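K.L.:
below are the sequence and a predicted model for it; my questions follow.
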Amino acid sequence: MIYTVTFNPSLDYIVSVDDFTTGKVNRTTKELIYAGGKGINVSIVLKNLGYDSTALGFVAGFTGKEISRLLSEKGISTDFVKVTNGISRINVKIRSDRESEINGQGPAIDKDSIDKLFEQLDHLKAGDVLVLAGSIPNVMPSTMYSDIMAFLKGRNIRIVVDATQDLLLNVLEYKPFLIKPNNHELGEIFGVELKTREEVVPYAKKMQEKGAVNVLVSMAGEGAVLVTEEGAVYMAEAPKGKLKNSVGAGDSMVAGFIAGYLQSEDYAEAFKTAVCTGSASAFSEELATREEVEQLLSAHKFNL
């Protein structure tokens, strides 16, 4: 079974406004509402690719109910812990000549709610996949990722971590199955600027030396790099297409890797699926569908 964890899910309210101007009344030309959050995005794309998962995390209030309803509409199983204090956040994204965002705070998550999440995680079995993605709200302990991995240590659960800087570094000793920094995040960890795929490779290997089993590095238009536990290094250019939406592309890459690996148990095939799934989301108004991914897989030439 696959599980995703999103500590701070959101309702993403995306509005298009012609010539947005501060200090005056602006009228929308288009409005969209999605259930958002990195782990949730992974669950949605996995479903699109034919893989079921259970979305875990915390929800609260009327917005939390709507997040659960929207995911249920898509056929995605949820087992969120319901928090009593506050509401799940609303993130407003304004699309105009420039894109702006206003992100909400989210509910107050107390110790009892965190304990309930650990009770849920205690049911995971050997062979399960757990995705930990995104930031940790400031109302929670900053050690949540490493606490979860310490709790599950030795259970043969394949844990995927998509986080930044200290959140990522602190889990490496627990040997996550996959980490997915982008090239900028990887460079920040080591205090360097990484512009090319070749430059990324030695630093991805350093993350392996610190404990990561497999390291997948996304590089937007520059493609991606995968360094595997077997010592293989795969590099790929990005598929060609028109960028429509960068939100969720990295999460889609994670979902694509998981789906590709579960289908083939081959890292090269998982990498191909990851690259094409991330790009399919970037080229679409919404998250990648199976058809969009398959089209890119058949059209894009990989030289692995």
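P.N.:
Structure received. Residues are numbered from 1 along each chain as shown.
K.L.:
now do the strands in the stretch 101-250 of the chain.
P.N.:
Assigned by DSSP state E, counting those that start in this stretch, the stretch 101-250 of the chain shows strands spanning 129-133, 158-162, 178-179, 214-218, 224-227, 233-236.
K.L.:
what residues of stretch 185-204 count as buried?
P.N.:
Within stretch 185-204, the residues scored as buried using 16 or more other CB atoms under 10 Å are 185-187, 189, 194, 197, 200-201, 203-204. C-betas here are computed from N, CA, C, even on glycine.
K.L.:
how close does residue 143 get to residue 214?
P.N.:
23 Å (CB to CB, to the nearest Å).
K.L.:
the buried residues of stretch 185-204 in helices, which ones?
P.N.:
Using DSSP state H, the members of these that fall in helices are 185-187, 189, 197, 200-201, 203-204.
K.L.:
identify the farthest-apart pair in those residues.
P.N.:
189 and 197 (17.4 Å; CB to CB).
K.L.:
can I get the strands of the stretch 101-250 of the chain in JSON lines with mean pLDDT and distance to residue 57?
P.N.:
Below are these laid out as JSON lines (pLDDT from 0 to 100; distance: least, CB to CB, whole Å):
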{"stretch": "strand 129-133", "mean pLDDT": "96", "distance to residue 57": "10"}
{"stretch": "strand 158-162", "mean pLDDT": "96", "distance to residue 57": "14"}
{"stretch": "strand 178-179", "mean pLDDT": "96", "distance to residue 57": "20"}
{"stretch": "strand 214-218", "mean pLDDT": "96", "distance to residue 57": "23"}
{"stretch": "strand 224-227", "mean pLDDT": "96", "distance to residue 57": "27"}
{"stretch": "strand 233-236", "mean pLDDT": "96", "distance to residue 57": "31"}
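K.L.:
quick one, which of these is nearest to residue 246?
P.N.:
Nearest of the strands of the stretch 101-250 of the chain (CB to CB): strand 214-218, 10.7 Å.
K.L.:
show residues contacting that closest one.
P.N.:
Contacts with strand 214-218, where a contact means CB atoms under 8 Å, 6 or more residues apart in numbering, come from 177-183, 186, 200, 204-205, 207-208, 224-229, 249-250, 253-254, 257, 267, 271, 274, 278.
K.L.:
please repeat the previous calculation with a cut-off of 6 Å.
P.N.:
178-180, 182-183, 186, 200, 204, 207-208, 224-229, 250, 253 (CB atoms under 6 Å, 6 or more residues apart in numbering).
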